[in-house]
Each structure stands twice: as structure tokens, then as C-alpha cells.
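Enquirer: Build me a model from this:
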Amino acid sequence: MIYLNGIFLDGMVWTNEFSAGAPSAEAVPCADGTTVVFTQTAEGFAIDLESAEGSGWLTLAEAQLLREAASAAGAVYLFVFRDREYRVRFRHEDEPALILTPVRPASGYGEKDCFYGKIKLKTV
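Expert: Modelled structure (predicted):
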């Protein structure tokens, strides 16, 4: 079960789930030839959600709700993934934070049209 701000995102995949929140490290060479390693835990981590070709499609209504949420500057939302909850924001510094592509291109979209989605979030 995946929810973002109450929007059910059935079938979407958290593509970077197992690398999210990993500590970062920097190795600095010293004058005596040794190396000092500085590590730190990530303050906030990236969450990338993607729909696959055969699953995770978004309805027109879901796509519109996501577009509205993504356009609210500075907004923080509840993201629920399985039994875990995170406070997240759209990752606008990694543009575009929301990509919606029609499953079947058309000149106009109706209630039955679906979209592939890619959502870029960051925990706060």
C-alpha cells in the first residue's frame, strides 16, 4: 500500500528504496600518507516512485491531484509505504519533480485515460 497525501498510488514502485537514507562519506588524504574518513547520516533522503509499463498507472483524477500537490510551494505531505510513514516534500531542486506521461497519447483527456508517473520526493 502506497499513499501520498491520501492519494492511493497502487502499483507504483519505490525504485531507490534500498539506497535511501544511506550515510555519505568523504575520504581526505593527510600529509603523513594516512587517510581520514568523515561520515554522516543523510538529513533527508530521496524517494523516487515510478509506474511500470504494466502497472501503477494513474487515473486522470489522480494525476490532477498529484499536479496540484506538486504545485504547492513548500508543502509537506504524509507518505505511507507499507507500514512506514514519512513526511515528504516534492523534490523541485531535481526538476521536474513530477512527470506524467499519457499511456495512450490523445488530443484531449477523459475520465478513462491513464498516465505513467514518476514522482520525486524528499523526506523532511
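
Enquirer: OK, contacts around the residue of the chain most remote from its centre?
Expert: In the chain, the residue that sits farthest from the middle, by Cα atoms, centre = their mean, is residue 32; the gap is 43.6 Å. Taking Cβ atoms under 8 Å, 6 or more residues apart in numbering, we find residue 32 in contact with no residue. In short, each C-beta sits where N, CA and C put it, glycine included.

Enquirer: ok, now the one 3 residues further on?
Expert: By Cβ under 8 Å, 6+ apart, residue 35 lies in contact with 27, 28, 29.

Enquirer: how close does it get to residue 24?
Expert: 16 Å (Cβ to Cβ, to the nearest Å).

Enquirer: Check residue 118 too.
Expert: Here the criterion is Cβ to Cβ. By it, residue 118 lies 24 Å from residue 24.

Enquirer: Which one of these two is surrounded by more residues?
Expert: residue 118 (16 against 9; other Cβ atoms under 10 Å).

Enquirer: pretty sure that one is touching residue 50, no?
Expert: Yes. In this structure, residue 118 is within contact of residue 50 by Cβ atoms under 8 Å, at 5.0 Å.

Enquirer: tell me the contacts of the closest residue to residue 13 other than its chain neighbours?
Expert: Excluding the flanking residues, the one nearest residue 13 by Cβ to Cβ, 6 or more residues apart in numbering is residue 50, at 5.6 Å. Applying Cβ under 8 Å, 6+ apart to residue 50 gives the contacts 12, 13, 15, 56, 116, 117, 118, 119.

Enquirer: Could you identify the most distant pair in these?
Expert: 15 and 116 (13.2 Å; Cβ to Cβ).

Enquirer: Looking at the two, which is more packed in?
Expert: Neighbours per residue (other Cβ under 10 Å) separate residue 15 from residue 116, with residue 116 holding more: 18 against 14.

Enquirer: Test my guess that that one contacts residue 101.
Expert: Yes. With contacts counted by Cβ under 8 Å, residue 116 reaches residue 101, the gap being 4.6 Å.

Enquirer: Now do residue 102: how many residues are near it, please.
Expert: 13.

Enquirer: Quick check, pLDDT for it.
Expert: Residue 102 is assigned a predicted lDDT (pLDDT) of 90.
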